[in-house]
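Participant: how does the following fold in three dimensions:
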Amino acid sequence: MTKFVAMYLRVSTFDQAHNGYGLGDQEVQCRKYIDLYFPEDEIKIYKDDGYSAKNLSRPEMKRMLDDVYKRKIHTIVAFKLDRLTRSVIDTYKLIKTVMEYDCSLVAVVDRIDISSANGRMLVGILSVISQWEREVISERTVAGLEQMVRSGKYPYGGRDPFGWTRDKNVLKIVPEEADIIKDMTQKYVYEGYGIDDLRIYLEKTYGMKKKWYFIRNCLINKRNIGIFEYHGVEYRDVVPAIMDEDLYYKAVEKATHRNVSQPNQEMYLFHGLVHCKCGKRCDHVSTVKTKNKYRHTYYYYWCPECNKRVNQDKLFNQIVIPLGLHINSNKTSEQLKRLEDDLLFFKDRKLQILDDYINGNIDVTTYDLSLKKVKKLILDISKKIKEFDESGIRQLICADRVTKRNLIQTHISYITYDFELGDVTDIVYKK
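Facilitator: Presented below is the predicted three-dimensional model:
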């Protein structure tokens, strides 16, 4: 297999603005070297446009190293050593790699060729200087940005954070976007919406197609309450708040709430729904007791603030009637209307049978059979109508554990429990 020469070109935004090391300039110089020393060899170019040299995690660098591993390259030619990397560790790693795979490395401007011991030594010296230069630039940049933050200015470039806009690096609230963040947060906290529910809601309501991480960041970013974090320090005069702290911290608590592992999570009918009257979300706890050689697990919801707990069975008994009525009220009115229409139809049919008998259209045997059949249908429909209001409660009581949990999780978003009263004081249903 014939090997080729690899020309590696890299430029970052800083280089383009201050050093003039454009990709075109680098390519011209590298071609002059290749034309002089490898005039007949095939050339393959690898360009990383806009990538830092702080590590080797760059698309074209990775592709070039992959070709090195396949022994397709005999020489790598770069404009300068710092085009390849500014890290001392990565420099030695790169040298070790290319030498292991019978490849050489040349930095044209630095006049470096690692095929000699002196060349490899010079690479080490220049890489130390290059890394020092990068770290100095980084420290100066950070110091300048910190000064901006201390003076109340937003330090980042690029796109404005959703909910705010910049006016000379001073953030101002965008009311329409801020309202969307508050709307999402309220639905997340009070109406039982999950991240995926919010993703669908955003698209349907506001025409916004967003990924889950955008939504999660909107919910828990401290910018919402006027706190801007930079290098581990909190600043309160950089970004104006768009919501009160109570709503924000409820969203954070829900987002960071520790979930019990599967399959244990499935055993908790009210997973993530129970809150103490003090405002704390209740954790899941369980105890195992042995009676008559049989082990039985009891599931509880425990408030870490009040240090009190409620048994899951007791909680279920307290919500079964209100939830059952809620489930029943959510059933389509068409079901009840259909039953009522059927009842009227068969009552009319009963009168029609009587008229047919009186007028001599049917004999007594047909009359008795028809009337008996219609009466039974009227009785059955009347029972169904009578039982209709109780169907939701009966459905809950008779359901197995999985069905109970699904019904609870489908219809309820928030339960408030008062440990002093020993009772549920509020149930918030999903819309």
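Participant: for the stretch 201-350 of the chain, what spans make up the helices?
Facilitator: 212-220, 245-256, 264-267, 312-329, 333-358 (DSSP state H, counting those that start in this stretch).
Participant: would you turn those helices into CSV with mean neighbour count and mean pLDDT?
Facilitator: For glycine as for every other residue, the C-beta is placed from the backbone atoms N, C-alpha and C. Formatted as CSV, the helices of the stretch 201-350 of the chain follow (neighbours: other CB atoms under 10 Å; pLDDT from 0 to 100):
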stretch, mean neighbour count, mean pLDDT
helix 212-220, 17, 88
helix 245-256, 16, 85
helix 264-267, 14, 75
helix 312-329, 16, 84
helix 333-358, 13, 80
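Participant: so for Lys204, which of those sits nearest?
Facilitator: helix 212-220 (13.9 Å; CB to CB).
Participant: next, the angle helix 245-256 makes with that closest one.
Facilitator: 140 degrees (axes from the mean of the first three to the mean of the last three CA atoms, to 10 degrees).
Participant: what about helix 212-220, distance to the chain center?
Facilitator: In terms of CA atoms, centre = their mean, to the nearest Å, the centre of helix 212-220 is found 7 Å from the chain centre.
Participant: before we move on, what about stretch 362-376?
Facilitator: On the basis of CA atoms, centre = their mean, stretch 362-376 sits 65 Å off its chain's mean C-alpha point.
Participant: where does the stretch 151-300 of the chain have low pLDDT?
Facilitator: The stretch 151-300 of the chain contains residues with pLDDT under 70 at 157-158, 231, 257-264.
Participant: residue ranges of the strands in it, please?
Facilitator: For the stretch 151-300 of the chain, the strands defined by DSSP state E, counting those that start in this stretch occupy 164-167, 170-173, 228-230, 233-235, 274-276, 283-291, 294-303.
Participant: tell me which of these lies nearest to Gln186.
Facilitator: Proximity to Gln186 (CB to CB) singles out strand 274-276 among the strands of the stretch 151-300 of the chain, at 15.5 Å.
Participant: so what does the closest one touch, helix or strand wise?
Facilitator: Secondary-structure packing of strand 274-276 (3 or more CB pairs under 8 Å, 6 or more residues apart in numbering; DSSP states H and E): strand 412-418.
Participant: centre of the chain versus the strand it packs on, how much separation?
Facilitator: On the basis of CA atoms, centre = their mean, strand 412-418 sits 24 Å off its chain's mean C-alpha point.
Participant: and that strand, what's its mean pLDDT?
Facilitator: For strand 412-418, mean pLDDT is 90.
Participant: packing partners of it?
Facilitator: When contacts are defined as 3+ CB pairs under 8 Å, 6+ apart, strand 412-418 packs onto strand 274-276, helix 312-329, strand 423-429.
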